[in-house]
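# Using only what follows, build the 3D model:
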Amino acid sequence: MEHHHAHNHAHVHSDLKGRNLLISIFLNIIITAAQVVGGLISGSLALLSDALHNFSDVISLIISYVANNLTKKKASFQKTFGYKRAEILAAFINAATLIVVAILLIIEAVKRFQDPQKIESGLVIWLSLVAILGNGFSVLLLKKDAHTNMNMKSAYLHLLTDMMASVAVLIGGLLMKYYQLFWVDSVLTFAIAIYLVWMGFNLLKDSTKVLMLFTPDTIPIKQIVEEINAFETVKSIHHVHVWQLNEDEVHLEAHIDFNQDITLSQFDTILHQIEDLVFDKYDINHVNIQPEFGKNDAKDIIVQD
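Residues are numbered from 1 along each chain as shown. Predicted coordinates:
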């Protein structure tokens, strides 16, 4: 009963995430179209760069939306984990696009800085205000889920950085309108791009660690080994693997060599104790232990398969 309730709650929460993503996609399509037209008319590279970033937002939000829906699909004989990693893959793709977009903006900003052009600042100001409001609302929609879900965090970061970029474009528009400082357009574009690289790199690194099955930074394997080795019947725990499947699941797999030839029921009791230990202290919620007695295999903690 309890498990069934949790599943329903997760399903409803996933539906809410999907709805919020759809709203954000719709808003960003409108913002992108308006900024492209406005950037071409006004001649503002900053506005066009913001439109390009908004377009990358649309792509990233669509990827996040598709990934969110894929996670609802059930496992099968061909896909025993289902699509549990779809959102991690989406986060990786979105982070990579952030960096690519940023590099393109840096190149264009340097070119434009060498040849500043007069810009219709009034249009820049109004369109940047529209983008700030639209992206600001989208940021609020996704903020809660961004704390606990890497996919939603990637979408959230796209929107947050674009809102900040729009603020910078607004400031630039005001400076161009009242002080004729047209070079500000290129400087702001460059600053926006550097910030995108910084944000994108951190997310790319985190998602890569999960996809590469690296041990989460919060899991001290040596400490876990010492605590399990302290069990009276355990001779040694070895061949240890710890990885993060997705946002909700951390797996531990290991071999345990026992001091004596224990019964299956005795092993089951020890296994429950180990599961409670690693879950309560380290949030590891999937444990797979291979019991051994006198087996002649490698006893190193980490063994290359």
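
# Name all residues that make contact with M199.
L98, L157, T161 (CB atoms under 8 Å, 6 or more residues apart in numbering). All C-beta spots, glycine's among them, are computed from the backbone N, C-alpha and C.

# could those go into a markdown table alongside pLDDT?
Converted to a markdown table, those look like this (pLDDT from 0 to 100):
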| residue | pLDDT |
| --- | --- |
| L98 | 79 |
| L157 | 80 |
| T161 | 77 |
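
# Below-threshold pLDDT in the stretch 1-150 of the chain: ranges please.
Applying pLDDT under 70 to the stretch 1-150 of the chain flags the ranges 1-16, 46, 117-119.

# can you pull out the strands in it?
Taking DSSP state E, counting those that start in this stretch as the criterion, the stretch 1-150 of the chain contains no strands.

# residues near H238, how many?
19 (other CB atoms under 10 Å).

# ugh, typo on my part, it should be H241
15.

# thinking again about what came up before, can you pick the most crowded of the contacts of M199?
Of the contacts of M199, with other CB under 10 Å as the count, L98 tops at 26 neighbours.

# From L45, how far out is that one?
Distance of L98 to L45, given as CB to CB, to the nearest Å: 19 Å.

# again with I30
21 Å.

# Chain neighbours aside, what residue packs nearest to T215?
V242 (4.7 Å; CB to CB, 6 or more residues apart in numbering).

# Which of I30 and L45 has more residues huddled nearby?
Taking other CB under 10 Å, I30 and L45 do not tie; L45 has more neighbours (22 against 13).

# List the buried residues for stretch 244-261?
Residues Q244, L245, N246, E247, V250, L252, A254, H255, I256, D257, F258 are the ones in stretch 244-261 that count as buried (16 or more other CB atoms under 10 Å).

# what is the rounded mean pLDDT of it?
Stretch 244-261 shows a mean pLDDT of 92.

# Just the C-alphas of the helix or strand hosting D257, formatted as PDB.
Element membership for D257, per DSSP states H and E: strand 250-258. Output in PDB follows, covering the C-alpha atoms of strand 250-258 (Å, rounded to 0.1, in the frame of the first residue of the first chain):
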ATOM      1  CA  VAL A 250      22.300   4.900  -6.000                       C
ATOM      2  CA  HIS A 251      23.400   1.300  -6.400                       C
ATOM      3  CA  LEU A 252      26.000  -0.700  -4.500                       C
ATOM      4  CA  GLU A 253      27.300  -4.000  -5.800                       C
ATOM      5  CA  ALA A 254      29.900  -6.100  -4.000                       C
ATOM      6  CA  HIS A 255      31.300  -9.600  -3.000                       C
ATOM      7  CA  ILE A 256      31.400 -10.600   0.600                       C
ATOM      8  CA  ASP A 257      33.700 -13.400   1.800                       C
ATOM      9  CA  PHE A 258      32.300 -14.900   5.000                       C
END
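
# is it fair to say H239 lies in a strand?
Yes. Under DSSP: H, G, I helix; E, B strand; the rest coil, H239 sits within a strand.
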